[in-house]
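*Asks:* Got a predicted structure plus its sequence, pasted below:
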Amino acid sequence: MSVDDFRTHDGRCVVAEDRLRIQPGRRGLFGTLQQALTDDEIPPIRRAGVALFLVAAAVGAVLAVRTLPVWFSGAIAGLLLAWLAWKAIQSRDGEGEVVIPFADIEGIEPEYGLPLLTRPRFVIRYRSEGGVKRRYLLTPSRLYGFGAYERGKDLFEERGLLEQPTPDDEAA
């Protein structure tokens with residue numbers, strides 16, 4: 001039985017012989033960054049770049065706190081804490097593993113996204129509950145997700161799940 005997987009935004013996507021399993025991550029934002037820094041699939045020079053970016057962001061935050069007015073720094077800290085609390089609530093109430101049999105998948109459309117604005121993703125169209133549903137499968141950020149999107153695209157193409165462009169799409 002052939003089983004392959006690739007990283008998603010907050011977990012893994014397992015492409016088995018007859019089904020797709022989307023496993024949510026349980027480690028949150030910092031766990032994803034830690035995985036990006038320790039993942040052997042990412043070249044060491046790029047991991048060093050991620051680490052330097054994180055250090056630069058931390059230094060920038062410290063300098064901002066020291067130079068901005070106290071009320072503004074407090075407002076930013078409050079918004080940051082509210083965002084972290086919201087993420088913690090979302091991860092606790094999130095859905096578990098999703099399993100989609102290949103027989104139900106109508107097609108998977110890869111979308112590279114807009115550089116620096118959106119993450120690369122896959123739009124999975126599948127039959128469920130008498131209709132066709134769409135599920136967006138986000139891959140890691142371009143900052144630390146080196147190769148995850150391309151690996152997912154290759155795996156879906158090997159299984160014949162990617163939507164093939166029609167002649168009308170190519171002409172446009």
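*Replies:* Received the coordinates, thanks. Treat the numbers as computed from the prediction; the structure is a model and nothing was measured.

*Asks:* tally of neighbours for Ile89?
*Replies:* 10 (other CB atoms under 10 Å). For every residue, glycine as well, the C-beta is placed using N, CA and C.

*Asks:* swap in Val59?
*Replies:* Val59, neighbours per other CB under 10 Å, totals 10.

*Asks:* Pass me the low-pLDDT residue ranges in the protein, would you?
*Replies:* Residues of the chain meeting the criterion pLDDT under 70: 1-2, 26-32, 35-36, 90-95, 143-146, 164-172.

*Asks:* how about the strands in it?
*Replies:* 4-7, 11-15, 19-24, 98-101, 105-111, 121-128, 131-138 (DSSP state E).

*Asks:* Tabulate the ones you listed (TSV), appending mean neighbour count and distance to Gly60.
*Replies:* TSV is the format used below for the strands of the chain (neighbours: other CB atoms under 10 Å; distance: least, CB to CB, whole Å):
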stretch	mean neighbour count	distance to Gly60
strand 4-7	20	27
strand 11-15	19	29
strand 19-24	17	31
strand 98-101	14	37
strand 105-111	16	31
strand 121-128	17	28
strand 131-138	13	26
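
*Asks:* wait, which of those is closest to Val70?
*Replies:* Of all the strands of the chain, strand 131-138 sits nearest to Val70, with 36.9 Å by CB to CB.

*Asks:* quick one: the closest one to strand 11-15, angle?
*Replies:* In terms of direction (axes from the mean of the first three to the mean of the last three CA atoms, to 10 degrees), strand 131-138 departs from strand 11-15 by 120 degrees.

*Asks:* starting at the chain centroid, how far to strand 131-138?
*Replies:* Remark: strand 131-138 is offset 15 Å from the chain centroid, using CA atoms, centre = their mean, to the nearest Å.

*Asks:* helices or strands next to that strand in the packing?
*Replies:* Where contact means 3 or more CB pairs under 8 Å, 6 or more residues apart in numbering; DSSP states H and E, strand 131-138 is packed against strand 121-128.
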